[in-house]
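Asker: Structure, please.
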Amino acid sequence: MIKVYQIQLTDAEVDAINNNEMFPKAKAFFDRSFDSTFKAENLEFYTHVANVDTNDMEEAFKAMNLWDEGANVEKVTEWCSSMSVGDVLELEDGARYRCASWGFTAI
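Answerer: Sure, this is the predicted structure:
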């Protein structure tokens, strides 16, 4: 099983960003998608959003982007988006990887 983590912003946080306010969680949200700005210390802003019944990260990516394909994805929060660049995957052995522009990079 792979645990998937995403940064979730509240409505109030989105409003603050739209009012040009910047704060650490917002910066982490914007930095998550770029290899050069992603920081492992920003993991504190991530929420466990889903479990995917596989040990293969590519299969997990597919499962969380083709929801209707019968993949075994258990959402553990009310809000969970498709897997994308910047999301964090945790394998059963505790190793963590970031979904990168191409493939996955160890954290």
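Asker: any idea which residue of this protein is furthest from its center?
Answerer: Asn19 (24.6 Å; C-alpha atoms, centre = their mean).
Asker: give the contact list for the residue nearest to Asp53 when sequence neighbours are not counted.
Answerer: Nearest residue to Asp53, sequence neighbours excluded (C-beta to C-beta, 6 or more residues apart in numbering): Asn72, at 3.7 Å. Where you see a C-beta, it was placed from the backbone N, CA and C, and this is true even at glycine. For Asn72, the contacting residues are 52-54, 63, by C-beta atoms under 8 Å, 6 or more residues apart in numbering.
Asker: now, the most widely separated pair of the residues you listed?
Answerer: Within the contacts of Asn72, Asp53 and Ala63 form the most distant pair, 8.1 Å apart (C-beta to C-beta).
Asker: Which one's more surrounded, those two?
Answerer: Ala63 (23 against 13; other C-beta atoms under 10 Å).
Asker: got a pLDDT number for the more buried one?
Answerer: In this model, Ala63 is scored at 91, pLDDT.
Asker: Pull up the gap between it and Asp35, please.
Answerer: Per C-beta to C-beta, to the nearest Å, Ala63 is found 24 Å from Asp35.
Asker: again with Thr47
Answerer: Taking C-beta to C-beta, one finds Thr47 at 22 Å from Asp35.
Asker: same check, this time on Trp79
Answerer: For Trp79 relative to Asp35 (C-beta to C-beta), the value is 26 Å.
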